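J.: Here is my input, please return the structure:
(2 chains)
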Amino acid sequence: SQQGEEDPQALSIQEGENATMNCSYKTSINNLQWYRQNSGRGLVHLILIRSNEREKHSGRLRVTLDTSKKSSSLLITASRAADTASYFCATVVRTSYGKLTFGQGTILTVHP
Amino acid sequence: SQTIHQWPATLVQPVGSPLSLECTVEGTSNPNLYWYRQAAGRGLQLLFYSVGIGQISSEVPQNLSASRPQDRQFILSSKKLLLSDSGFYLCAWSVPRHLSYEQYFGPGTRLTVT
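T.: As a prediction, the model looks like this:
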């Protein structure tokens, strides 16, 4: 089974609204990463949060990590139509040579 | 700056034919290299990873194989394709630095087996 599971599977919002996506995982991790994928394209790394961090910001992105609940959330503030994409969380466990285990992703649609 | 190339971008192959997908990375040395498959635009499945020339680890037993003949070249192959091999194949690289391991992905190859 997947290490990371995103929730919701799909999210539809209006431009200017905030979008929140959640990710849960099962085993202890070294770090958790969020990626974005535009339709039919490769993935783009957005942000990485280490297991000893609780919150991280990058531009309009805010990521939180709760290791006690084995969960993370990605918040995109003031969304734009260009944010429409699939978003994936991925975890790295400590002894994995950097192998990422991806969740199934959240499909975000931002309507102009 | 580093770049990653994959080719071809799209491929339509009949069942039973061979496969060779190539991935090359520029601007870095001794990268970790990864092959993923993505079905139906959703989650990625790690197929193979390599931490050095000739070192290949397989994650899922299947009809595919991988090779790393040069430091920055990673090849995905099959002797006989199955219908179930259809999907979007992504190559990625990472540099193990402070155990961060963020990965950088190529543009992908869309494979359709008919």
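J.: Please tell me how far the closest residue to chain B within chain A sits from residue A:29.
T.: Nearest residue of chain A to chain B, counting by C-beta to the nearest C-beta: residue A:98, 3.2 Å away. In this view, the C-beta of every residue, glycine as well, is placed from N, C-alpha and C. Noted for residue A:98: a distance of 12 Å to residue A:29, by C-beta to C-beta, to the nearest Å.
J.: residues shared between the contacts of those two?
T.: Residues touching both residue A:98 and residue A:29 (C-beta atoms under 8 Å, 6 or more residues apart in numbering or on different chains) are residue A:92.
J.: what residues does chain A put near chain B?
T.: A:2, A:30-31, A:33, A:35, A:39-45, A:48, A:50, A:86, A:88, A:92, A:94, A:97-105 (C-beta under 8 Å from any C-beta of the partner chain).
J.: Out of those, which sit inside helices?
T.: Among the residues of chain A next to chain B, no member falls in helices (criterion: DSSP state H).
J.: Tell me the buried residues within these.
T.: Buried members of those, counted by 16 or more other C-beta atoms under 10 Å in any protein chain shown: A:2, A:30-31, A:33, A:35, A:41-43, A:45, A:48, A:50, A:86, A:88, A:92, A:98-105.
J.: Check which helix or strand residue A:6 maps to.
T.: In this structure, residue A:6 sits in strand A:5-7 according to DSSP states H and E.
J.: SS state for the nearest residue to residue B:65 once chain neighbours are set aside?
T.: Spatially, and ignoring its direct neighbours in sequence, residue B:65 is nearest to residue B:77 (5.1 Å; C-beta to C-beta, 6 or more residues apart in numbering or on different chains). Assigned state for residue B:77: strand (three-state reduction, DSSP: H, G, I helix; E, B strand; the rest coil).
J.: and if you look at residue B:84?
T.: helix.
J.: And for it, the neighbour number?
T.: Using other C-beta atoms under 10 Å in any protein chain shown, residue B:84 has 11 neighbouring residues.
J.: which residues touch it?
T.: By C-beta under 8 Å, 6+ apart, the contact list for residue B:84 reads B:63, B:113.
J.: Could you tell me what pLDDT the model assigned to it?
T.: pLDDT recorded at residue B:84 is 91.
J.: quick one: it from chain A, how far?
T.: As judged by C-beta to the nearest C-beta, to the nearest Å, residue B:84 and chain A stand 19 Å apart.
J.: Residue A:85: how many residues sit nearby?
T.: Neighbours around residue A:85, by other C-beta under 10 Å: 20.
J.: so what pLDDT did the closest residue to chain A within chain B get?
T.: Nearest residue of chain B to chain A (C-beta to the nearest C-beta) works out as residue B:101 at 3.2 Å. On the pLDDT scale, residue B:101 is placed at 76.
J.: quick one: secondary structure of it?
T.: Under three-state DSSP, the three-state class of residue B:101 is coil.
J.: Which strand residues bridge the nearest residue to residue B:104 once chain neighbours are set aside?
T.: Of all residues not flanking residue B:104 in the chain, residue B:93 sits nearest, at 5.6 Å (C-beta to C-beta, 6+ apart). Beta-bridge partners for residue B:93, by DSSP bridges, are residue B:33, residue B:104.
J.: again with residue A:110
T.: Taking DSSP bridges as the rule, residue A:110 bridges to residue A:13.
J.: next one: residue B:13
T.: Beta-bridge partners, per DSSP bridges, of residue B:13: residue B:113.
J.: What about it, how many residues nearby?
T.: 16.
J.: Please verify my assumption that it contacts residue B:83.
T.: No - here residue B:13 does not reach residue B:83: they are 10.6 Å apart, not a contact under C-beta atoms under 8 Å.
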